[in-house]
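*Asks:* Okay, sequence plus prediction incoming.
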Amino acid sequence: MRQVTVVEHLLLRQKERPMASGRFTRLLTELILSAKIIGREVSKAGLLDVLGATGEVNVQGEIVQKLDDFANRVIIRRMERAGVLCAMASEENADFIEIPHQFPIGDYILIFDPLDGSANIDANVSIGTIFSIYRRTSYSQQAVSLSDILQKGSMQVAAGYIIYGSSTMLVYTAGDGAHGFTLDPSVGEFLLSHPDIKIPEQGRIYSVNEGYSSYWDEPTKKIVNYFKSNENSLGHPYSSRYIGSLVSDFHRNLLYGGIFMYPADSRDARKPSGKLRLMCEAAPMAMIIEQAGGMATDGTRRILDIEPQELHQRVPLFIGSKSDVEVVLKYYAEAKCS
């Protein structure tokens, strides 16, 4: 079987687009190199002084982990020099990041979560980098502004994630299907291992932190009870699988079928819409799942149709197999009518 690298895969797709300049390939190549550097440190986490917290708190009010900080610095440093970006936005930074004037400026915008699931780092649980790519909406001669970045998910050029687990894997989409590449350490290349991924129409897994069930609204409680009951379309309860790392839970459900849920809850008045960020978590995962034949919603709206109002906006997320997400829409629609 002929092995295809990410760059070869991109170049093949580029041939189908006569106007392609190669800048997107350059962007993804630099991002992949960043992921390799991060993956190297993750694999040595128990041997190097990269476990534990830095003692700082990020813009989300979360304790910053050492590896989180390292990953953030690696991505910013490499990508600002790539010559294809005009701005970046990170989960770890309060404001968007302009490209310094000493570096070439491009038209792409990179939004990323440098290390999703970082609270699990010390326990050696799979973690990952999530990314989203947009084109700026203003003229390139103008200074980039927040309005260039606050675009709805349907405007994404590409999205993906790198999962650091038993193997390191890249899953990405540029709007022509979702494709998975596994890092072969012996050659240092991501090789195509999961072409044109399709999530099963209906899954057998539900993923949610049920410890917060007392804080959920009534539709969410009914939805989870549906998946746990014998009265669902399977005729028996779904299996409960929850890791607490969005990338890990999403990746498993993408391959096996199922639904991941992080609903709104009333635990924290500062986070009435739940924990997940629209732009650096929900929107990129929604683009991937739709390209794989699944769905993503906040309960009433398609995730990719939500217009962001702020950089770190949070949103409830129900994402996965099409028929499972349709159950969510059904219960929320019934609640609205009652």
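*Replies:* Noted; the coordinates are in hand.
*Asks:* Now residue 332: closest residue in space that isn't a chain neighbour?
*Replies:* Closest residue in space to residue 332, ignoring its immediate chain neighbours: residue 299 at 4.4 Å, by C-beta to C-beta, 6 or more residues apart in numbering. C-beta here means a position set from N, CA and C on the backbone, and glycine is covered the same way.
*Asks:* thought that neighbour was touching residue 328?
*Replies:* Yes - with contacts counted by C-beta atoms under 8 Å, residue 299 reaches residue 328, the gap being 6.2 Å.
*Asks:* re earlier: so for the residue nearest to residue 332, what's the pLDDT?
*Replies:* For residue 299, the pLDDT comes out at 97.
*Asks:* For the host helix or strand of residue 193, give me every contacting residue.
*Replies:* Using DSSP states H and E, residue 193 sits in strand 189-197. Applying C-beta atoms under 8 Å, 6 or more residues apart in numbering, the contact partners of strand 189-197 are 3-6, 9, 32, 168-171, 177-184, 254-255, 292.
*Asks:* in a strand, that's where residue 250 is, yeah?
*Replies:* No - counting by DSSP: H, G, I helix; E, B strand; the rest coil, one finds residue 250 to be helix, located in no strand.
*Asks:* Now do the strand holding residue 193, average pLDDT.
*Replies:* On average, strand 189-197 scores 96.
*Asks:* Check which residues of that strand are buried.
*Replies:* For strand 189-197, the neighbour count (16 or more other C-beta atoms under 10 Å) marks 189-194, 197 as buried.
*Asks:* Stretch 74-90 too?
*Replies:* 74-76, 79-80, 82, 84-90.
*Asks:* can you check stretch 110-126 too?
*Replies:* 110-121, 125-126.
*Asks:* tell me the domain ranges of this protein?
*Replies:* Recorded structural domains for the chain (assignment: automatic domain parsing) are 6-196, 205-337.
*Asks:* Out of those domains, which is the most enclosed?
*Replies:* When the domains of the chain are scored by mean count of other C-beta atoms under 10 Å, the highest mean neighbour count falls to domain 205-337 (a mean of 19).
*Asks:* any low-confidence regions in the chain?
*Replies:* Applying pLDDT under 70 to the chain flags residues 1, 15-21, 45-64.
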